[in-house]
Every structure is written in C-alpha cells, then in structure tokens.
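> Model the following, please.
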Amino acid sequence: MRITQVFENAKPVSFEVFPPKGQLTVDAARSVIAELAPLRPGFVSVTYSAGGSGNTALTEQVAHIGQTEFGLNMMAHLTCTGASTEDILRHIDSLRARGVENVLALRGDAVEGARPGDFALARDLIPVLREAGFCVGAAAYPEGHIDCLDDYENIRHLKEKQDAGAQFFVTQLFFDNDFAYRFLDRARSANVTAPITFGIMPFLSKSQVTRMVFMCGASMPAPLVKLLARYENDPASLRQAGVEYACRQIDELARFGVDGIHVYTMNQPDIARAAVAAATPFFAR
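Presented below is the predicted three-dimensional model:
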C-alpha cells in the first residue's frame with residue numbers, strides 16, 4: 001500500500017529499522033520485523049547509508065522481506081549526496097525489482113573526499129522518484145536542520161520539498177514537544193498541507209543523547225537533563241526512564257492531534273511495543 005493511503009485512512013504509528021550491519025544478520029533483521037508485524041504499524045521505514053558503506057542492497061532486501069513475508073507497508077530510505085543520475089536510476093530499478101513502492105528522499109550526510117553528484121538537495125531527488133512512480137516522502141526538522149540556522153528558511157525548504165512532489169513528511173527526532181507544535185503551526189501557515197508524522201527516539205544512554213544532540217541539533221530540555229543526572233550510573237534505570245519519557249512525548253503528541261508518530265526503534269521491538277501502548281487510541285488499525 002502507498003503511504004499516502006495510510007494517512008487517508010488513519011493517523012498511523014510507524015517504525016524505523018536499520019539494515020544489517022556488523023553482527024546483525026539478515027535473519028536477525030527478519031526476527032526484528034517479525035516482532036514488529038503484530039503491532040500493525042502504519043508503515044516501516046528502512047534506513048540507507050550513503051557514500052558506499054555497502055548496505056544499500058540490504059536496505060532493499062529488508063524492505064522486501066517486510067512486504068512479502070509479513071505484509072507490512074515498507075518504505076526505503078534513499079540518499080542522493082554524491083550520487084549521479086545513473087546511480088539513482090540503478091537504485092530505482094532495484095527498488096522496482098523488489099516491489100518497493102514507498103521511498104523517503106533524503107540528501108544524506110556529505111562524505112569526506114566524495115565526488116560531487118548530480119543532486120544538491122533532497123528536493124532535486126523528489127521529482128525523479130515521483131516521475132518513476134514512487135510514493136515519496138521527505139524529511140522535516142522541527143528544530144531546523146543542523147546546517148540551517150533560520151526558522152523561516154527551514155519552513156521554506158519544507159515547502160520547496162512539497163512543491164517538488166513530496167507527499168508526506170517524517171520529522172527528525174526531538175525531545176521537547178513545544179518545538180513540534182511551533183513547527184507544525186509555521187508549516188501550516190506556509191501552506192504545507194502534506195501529512196507530517198513526528199519522529200520520536202527514546203534516549204537509552206548518556207552517550208546516545210550526546211551524539212544525537214551534536215548530529216541532529218536536538219535540544220536537551222531540563223527534565224531530560226535531570227533524568228540523565230539521576231540515572232547516570234544506573235544504565236538499566238536510565239534506559240527505562242528514556243522509554244517512559246518517549247512514551248509521554250507520544251501521548252502528548254497524539255492528544256494534540258498530529259498526523260502520525262514515527263518511532264526510531266533502534267531495532268529493539270520492546271521500544272516499539274511501548275510506543276504503541278502509549279498511542280493506542282491513536283494507532284492505525
């Protein structure tokens with residue numbers, strides 16, 4: 001099913017997984033999806049690594065497994081930094097061969113030493129994917145992209161993606177829902193009408209939060225800082241506090257009436273189960 005149809009029918013809770021890497025095998029990825037499937041997510045996205053990291057085909061394979069073996073609506077991430085038109089066309093052919101209908105169009109992180117490609121921004125990739133017949137989503141940034149310091153420019157980029165053909169948006173993670181509410185108000189005021197589903201990632205360790213802050217530019221609200229301080233030397237309690245914090249975010253967002261919730265599961269089904277429990281009145285079934 002195309003993800004646009006999912007949004008037409010309900011306000012979905014969706015999940016993100018990442019493809020095998022290191023010790024994670026395809027069979028282990030299949031096991032993760034097997035535990036996610038009974039939760040009946042609106043869709044499941046599969047991440048992609050740019051710059052020749054080697055897991056491109058695995059992204060497509062995991063998406064194919066989710067669709068054919070478990071009947072899930074799957075979405076493959078696709079980045080365009082450093083890619084030539086021929087590279088993208090090869091990916092399009094491969095996605096079609098796997099039966100993947102939904103793609104999240106992303107710029108991707110710059111890779112040091114990589115040659116310039118034919119696509120400067122995600123908005124340049126979007127029309128190519130639409131022309132190829134895919135249902136296309138794009139990224140949104142409640143606190144602004146790490147490279148964008150101006151709130152108005154952030155919304156302008158969002159509108160440009162919609163104008164280029166993006167049919168829905170999935171946001172970057174954030175830890176303070178007030179950013180989501182302000183972002184949504186600005187987006188709708190700018191005539192961004194496509195559904196926006198808000199990304200939530202539980203913090204599981206102090207190092208993870210620190211990494212996310214520097215990678216994504218996410219803010220650390222006072223309640224989060226206090227939890228980190230309280231449980232700094234108790235990893236199990238910190239993990240539980242992080243999941244509970246994320247579930248409160250999900251509950252508040254659901255009550256506010258956002259278009260959807262996208263949970264960054266980190267390939268851990270217990271996180272997905274907790275998120276669904278928090279959003280039960282709101283979950284797409």
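> Tell me where the model's unsure across the stretch 1-150 of the chain.
The model of the stretch 1-150 of the chain has pLDDT under 70 over residues 22-23, 49-55, 110-114.
> The stretch 151-285 of the chain too?
Residue ranges of the stretch 151-285 of the chain with pLDDT under 70: 281-285.
> can you do 50?
Applying pLDDT under 50 to the stretch 151-285 of the chain picks out residues 285.
> Which stretches in it count as helices?
151-164, 177-189, 206-216, 222-230, 235-256, 269-278 (DSSP state H, counting those that start in this stretch).
> Quick one: closest of the ones you listed to Phe119.
helix 151-164 (11.5 Å; CB to CB). Every C-beta, even on glycine, is put in place using the N, C-alpha and C of the backbone.
> now for the closest one, which elements pack on it?
Here helix 151-164 touches helix 122-131, strand 135-140, helix 177-189, going by 3 or more CB pairs under 8 Å, 6 or more residues apart in numbering; DSSP states H and E.
> what's the most buried one of these?
strand 135-140 (a mean of 26; mean count of other CB atoms under 10 Å).
> any idea how far the closest residue to Leu121 other than its chain neighbours is from Ile126?
Leaving aside its chain neighbours, Leu121 sits nearest to Arg107 (5.5 Å; criterion: CB to CB, 6 or more residues apart in numbering). Distance, Arg107 to Ile126, using CB to CB, to the nearest Å: 11 Å.
> same thing with Pro269?
Distance from Pro269 to Ile126, by CB to CB: 32 Å.
> And for the residue nearest to Leu121, the neighbour number?
20 (other CB atoms under 10 Å).
> thinking it is in contact with Gly82, fair?
No. Using CB atoms under 8 Å, Arg107 makes no contact with Gly82, being 10.2 Å away.
> hang on, the earlier thing: among the helices of the stretch 151-285 of the chain, which is nearest Asn73?
helix 269-278 (14.9 Å).
> For Asn102, give me its contacts.
Neighbouring residues of Asn102 by CB atoms under 8 Å, 6 or more residues apart in numbering: Arg2, Ile3, Phe43, Asn73, Met74, Met75, Ala76, Phe134, Cys135, Val136, Gly137.
> what's across from it in the sheet?
Met75, Cys135 (DSSP bridges).
> In a markdown table, list the contacts of Asn102 along with distance to Ile250.
Putting the contacts of Asn102 into a markdown table (distance: CB to CB, whole Å) gives the following:
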| residue | distance to Ile250 |
| --- | --- |
| Arg2 | 25 |
| Ile3 | 19 |
| Phe43 | 16 |
| Asn73 | 20 |
| Met74 | 22 |
| Met75 | 20 |
| Ala76 | 24 |
| Phe134 | 28 |
| Cys135 | 24 |
| Val136 | 25 |
| Gly137 | 20 |
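> So among those, which ones count as buried?
Buried subset of the contacts of Asn102 (neighbour count, 16 or more other CB atoms under 10 Å): Arg2, Ile3, Phe43, Asn73, Met74, Met75, Ala76, Phe134, Cys135, Val136, Gly137.
> Return the closest of those residues with respect to His64.
Once CB to CB is applied, the member of the buried ones among the contacts of Asn102 that ends up nearest His64 is Met74, at 7.6 Å.
> does the closest one really touch Glu60, like I thought?
No. Counting by CB under 8 Å, Met74 sits too far from Glu60 to count as a contact (9.6 Å).
> okay, and the common contacts of those two?
By CB under 8 Å, 6+ apart, the residues touching both Met74 and Glu60 are Val100.
> Not including adjacent chain positions, what is the nearest residue to Tyr141?
Gln172 (4.9 Å).
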